[in-house]
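**Student:** 3D, please:
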Amino acid sequence: MIENENIICISSIDWDFNWQGHQEIMSTLAKSNNRILFIENTGIRMPGIRDAWRIKSRISNWFKGAKGIRKVMDNLSVFSPVILPFPYLRLARIVNRRLISSTLDKWVKATNFNNAIVWTFLPTPLSLDIIDTVSKKLIVYYCIDNLKASSPAAAKVAPYESALLKKADLVFVTSKNLYDYCKQYSKDVHFFPFAVNFRQFEAARLKKDNPVSGFLDLKKPIIGYIGGINAKMDQQLIKKIALVYPEYSFVFVGPIEADVSLIADLKNVSLLGDKKHGDIPYFIKLFDVCLIPYVNNEYTDDIYPAKLNEYHAMGKPVVSTMLPEVASFNRKNNDLVFLSQTFEEFAQNINAALESASNPKQVELRIESAGENSWFNRIEEMSSLIADSIEKKSKKPANSLDTFFSFFRGLRSNIFSLFLGAVCLYLMVFYTPLVWVLAKPLEINQQPKKVEAIVVLAGGVGESGQAGQGYEERVGYAVDLYKKGFAPNMIFSSGFMYVFKEPLVMKALATSLGVPENAILLEDKAKSTYEQALFVRSILKEKKFSKIIIVSAPYHMLRLSLVMRKYASDIEALYLPVPNSVFYQHGVRSDGRKTLKQIELKQIKAILHEYIGIFYYWVKGKI
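**Tutor:** Modelled structure (predicted):
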């Protein structure tokens, strides 16, 4: 096992995600007195709605550490970078490189983390930038998936992966197909399928009591699965099997990363969600048969499921779909896995596996195969290759002149790229509609209809940031709606005070515009959108109003609607922002002439404030 090395791991998953080879390898190396910096997943595609929990976790983890770096165990720190979510956009790449390199530079200097082994699982443009930025002695690429085939968005990674393969000193792969692919670009490719922490699983297997037995108070037999419930899983197959065997219990342990509506309501299917890594062996211990129910496609053709070794380490029989790597495993291990090409075969194999579950010879063979596929053995072999590669590189004479010119070429290129990137970013932000497009989701603008009251939410200092300038347009628009007969009552809400309480000023303006005093109610305590929703609801309940129009700023409506949905769901609200807001006017000068500049800094701040407000409310559970 290598020792006393600095290792920068560029991971394709987050540290707190489902425990996999990434964490296993790095934690094992850390225990062998190597210092590890584990950089969490920087993305292979743009995030979607399903990634919201991961974004929330990433930001939370960033705040837990120093500039996003926190210690999780002896010799191992985790870096949770917060970056722009556009992995293939050149401008974003320039910004992200700067964000990460500035933190890494300080970390390297503070901890003397020079001359590191860079071990990457991620072949993205940003990974290449990190590799180019840091002081390193060796580059290792562990190719564990056919990322190009994982999604249409991830297909863009192909040219960067080939560039990484040419740059890497060592390449490790988990399947034959990946080996053949990587061999096109690298001469030093080695086959290392994912393995199992055999000692941990053996200890659980031999332990008499089971700490998780209370989770599965289900009738036997239990047909189980561990791992992420995602696009790889064939839910159609699972549904058919569960319906064919209503007397069997089907249990799935792992994070839910896809729509599971197809199987969630089946009476004999239990989705337990994510569990602690240390409890996984004990769940498997409760299973009678274990499943690998993956779809067959270009992506899964290159997958070696690590759960296969984990199942076998507990002595359990495994039923799998016809995955090439599992078929290859079977050829080397006397057909230990019950492979299935069709649904009918899969169903029959479950019963065959049940019959073999307690066969002592079969149990022994499964455990033996898992022992041969232990992570300790894998990492020892990898370490040996790494040590040999470092030794070979150290014997190569360094050309100091080439190094000198290479350094200055890179420096000149970086300075030019930063300057060009800054200019392009400025033009993109201020002279295109980009920010207005990004702000579009904040808008809600409904058609007015007759209600019981018009609620006007004042903004204190408003979008302008100056007292006394946040309410005029809102009151004016609300009065116009009142005069058109859309409501007989008005409610002004604001806890802000500047000389006078803001609701009093709003009332004075409304009455000067012709609204009778007895038609106006005031709420003067609320200091935030959240409090406005609560206090206004109290007034509405007291007056027995259930239908209202809410008037506020154009880009405040989404946050407002989310708060109202949670705390005043019994109120029917229509959202009518101020039309033609002076503050948000763009593309024209104050004198009405058109201008190329599309947005002002103060407008960007206001829009950003709303997004931050939504995120903050989400974190605090207010929406």
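
**Student:** Each with direction, which strands does the lengthiest strand in the chain pair with?
**Tutor:** Looking across the chain with DSSP state E, the single longest strand is strand 136-143. Neighbouring strands of strand 136-143 in its sheet, by DSSP bridges, are strand 116-120 (parallel), strand 170-173 (parallel).

**Student:** which one of those strands lies closest to residue 323?
**Tutor:** Among those, the nearest to residue 323 by Cβ to Cβ is strand 170-173 (15.7 Å). Every residue, glycine included, has its C-beta placed from N, CA and C.

**Student:** Quick check: next helix or strand after that closest one?
**Tutor:** Next along the chain after strand 170-173, taking DSSP states H and E as the criterion, comes helix 176-183.

**Student:** could you dump that following helix to CSV, C-alpha only?
**Tutor:** Below are the C-alpha coordinates for helix 176-183, written out as CSV (Å, rounded to 0.1, in the frame of the first residue of the first chain):
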residue,chain,number,x,y,z
LYS,A,176,-14.1,-5.1,-20.6
ASN,A,177,-15.9,-2.6,-22.9
LEU,A,178,-14.4,0.3,-21.0
TYR,A,179,-11.0,-1.4,-21.2
ASP,A,180,-11.3,-1.6,-25.0
TYR,A,181,-12.4,2.0,-25.3
CYS,A,182,-9.7,3.4,-23.0
LYS,A,183,-7.0,1.3,-24.7
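
**Student:** Give me the mean pLDDT for the longest strand of the chain.
**Tutor:** For strand 136-143, the mean pLDDT works out to 95.

**Student:** Quick one: distance of stretch 612-623 to the chain centre.
**Tutor:** Put simply, stretch 612-623 sits 17 Å off its chain's centre (Cα atoms, centre = their mean, to the nearest Å).

**Student:** Now do it, average pLDDT.
**Tutor:** Stretch 612-623 carries an average pLDDT of 89.

**Student:** could you dump it to CSV, C-alpha only?
**Tutor:** Below are the C-alpha coordinates for stretch 612-623, written out as CSV (Å, rounded to 0.1, in the frame of the first residue of the first chain):
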residue,chain,number,x,y,z
ILE,A,612,-31.6,34.0,-2.4
GLY,A,613,-34.8,34.8,-0.5
ILE,A,614,-36.5,31.7,-2.0
PHE,A,615,-33.5,29.5,-1.2
TYR,A,616,-33.3,30.9,2.4
TYR,A,617,-37.0,30.2,2.9
TRP,A,618,-36.6,26.7,1.6
VAL,A,619,-33.7,26.0,3.9
LYS,A,620,-35.7,27.3,6.9
GLY,A,621,-38.7,25.3,5.9
LYS,A,622,-40.9,28.4,5.2
ILE,A,623,-41.9,27.2,1.8
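
**Student:** any low-confidence regions in the stretch 501-623 of the chain?
**Tutor:** For the stretch 501-623 of the chain, applying pLDDT under 70 flags the ranges 590.

**Student:** That one: helices as residue ranges?
**Tutor:** With helices called from DSSP state H, counting those that start in this stretch, the stretch 501-623 of the chain shows them at 502-512, 529-542, 557-567, 601-619.

**Student:** follow-up on the earlier one: take the strands paired with strand 136-143 and lay them out in a markdown table including mean neighbour count, distance to residue 102 and mean pLDDT.
**Tutor:** Output for these, formatted as a markdown table (neighbours: other Cβ atoms under 10 Å; distance: least, Cβ to Cβ, whole Å; pLDDT from 0 to 100):
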| stretch | mean neighbour count | distance to residue 102 | mean pLDDT |
| --- | --- | --- | --- |
| strand 116-120 | 24 | 17 | 96 |
| strand 170-173 | 24 | 29 | 96 |
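
**Student:** got a list of what residue 67 touches?
**Tutor:** With contacts defined as Cβ atoms under 8 Å, 6 or more residues apart in numbering, residue 67 is in contact with 103, 106, 107.

**Student:** Now for the first one, how many residues are close by?
**Tutor:** Going back to what we said before, that points to residue 103. Residue 103 has 17 neighbours, counted by other Cβ atoms under 10 Å.

**Student:** follow-up on the earlier one: would you list the contacts of residue 67 in a markdown table and tack on pLDDT, distance to residue 322 and secondary structure?
**Tutor:** Below are the contacts of residue 67 laid out as a markdown table (pLDDT from 0 to 100; distance: Cβ to Cβ, whole Å; DSSP: H, G, I helix; E, B strand; the rest coil):
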| residue | pLDDT | distance to residue 322 | secondary structure |
| --- | --- | --- | --- |
| 103 | 90 | 45 | helix |
| 106 | 89 | 50 | helix |
| 107 | 89 | 46 | helix |
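
**Student:** which of those lies closest to residue 7?
**Tutor:** Nearest to residue 7 among the contacts of residue 67 is residue 107, at 13.3 Å by Cβ to Cβ.

**Student:** Tell me if I'm right that the closest one and residue 70 touch.
**Tutor:** No - counting by Cβ atoms under 8 Å, residue 107 stays clear of residue 70, with 11.7 Å between them.
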